[in-house]
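Visitor: Predicted model and sequence follow; I will ask about them next.
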Amino acid sequence: MRASNNLIIILFATIFALNGLLNPDSAKAEYDYQLYKNYENFGILVFPKDQIFVELEEYIQEIGFNPVESGQAVMRFGPNNENQTYLMPESVQIKHSMNRFIVLQVIAHQNILVGISDPEWGLTLPSAIFRLNGIKQNIPKTLNMFRKHLKKRETKRHELGNPEKVRLLIKNAGTILKSYHIL
C-alpha cells in the first residue's frame with residue numbers, strides 16, 4: 001500500500017514536471033520585452049527591455065513605431081515550428097493583430113542580434129551581430145519587404161477573372177437584385 005502511494009506521488013510529480021517543460025508559456029525568461037507597433041500592424045520586439053539604449057529607442061520611435069506593451073518574454077517557436085527564441089506571449093501577438101515583426105535582442109556593448117517573424121517565411125534568426133548603424137540600414141529594407149509581400153498578396157487576392165463578366169455583373173446588379181426581391 002505504501003509503495004503504491006509513493007508510485008502515485010512520483011507519477012503525479014513527473015506529469016506536472018513534463019507539463020511545465022512542454023508548455024511554452026511556462027518557459028519564462030529572466031528579462032522583459034518591449035513591443036513597438038506602427039499603423040501597418042508591423043512590430044518591433046526588443047529584449048531585454050532593460051538593455052534598450054536611448055539611441056535605439058529614439059530611432060524606433062522616429063520611424064513611426066510606438067511602444068504598446070511590455071512584459072515577461074516567453075520561449076516560443078516560429079509560426080512554422082522552426083527556430084526558437086524569446087518572444088512576446090502569443091496572446092499579446094494576437095491582441096495587437098501582429099503577424100509580421102522584427103525581433104531585436106540587445107546584447108553587451110549595444111550590439112544587437114536581429115530576427116524576423118513572418119507567417120509565411122517563419123522565424124528567421126541570422127547569427128550576424130549589428131550595431132545601431134546597421135540596424136538603421138536594415139529595418140527599412142525589412143519593412144519594405146513586408147509591404148511588397150502584402151501588396152503582392154492583396155493584388156492576387158483581389159484579381160478579377162474575366163473583366164467582361166464583371167462589367168456585365170456591375171451593370172446588371174440592380175436588375176439582379178430586383179428580380180430576387182432584395183431591393
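Guide: Received the coordinates, thanks.

Visitor: Check the spacing between residue 96 and residue 51 real quick.
Guide: According to C-beta to C-beta, to the nearest Å, residue 96 stands 22 Å off from residue 51. To be clear about C-beta, it is placed using only N, CA and C from the backbone, and glycine gets the same treatment.

Visitor: again, but for residue 134
Guide: Residue 134 sits 17 Å away from residue 51, going by C-beta to C-beta.

Visitor: who's more crowded, these two?
Guide: Using other C-beta atoms under 10 Å as the criterion, residue 134 and residue 51 rank with residue 51 on top: 17 against 14.

Visitor: For the more buried one, give me the pLDDT.
Guide: For residue 51, the model assigns a pLDDT of 91.

Visitor: Name the single longest strand found in the protein.
Guide: strand 66-77 (DSSP state E).

Visitor: strands paired with that strand, and their directions?
Guide: Sheet pairing here is set by DSSP bridges, and for strand 66-77 it gives strand 28-37 (antiparallel), strand 84-87 (antiparallel).

Visitor: mean pLDDT lowest for which of those strands?
Guide: Mean pLDDT is lowest for strand 28-37 among those, at a mean of 82.

Visitor: Give me the buried positions along that strand.
Guide: Buried residues in strand 28-37, counted by 16 or more other C-beta atoms under 10 Å: 33, 34, 35, 36, 37.
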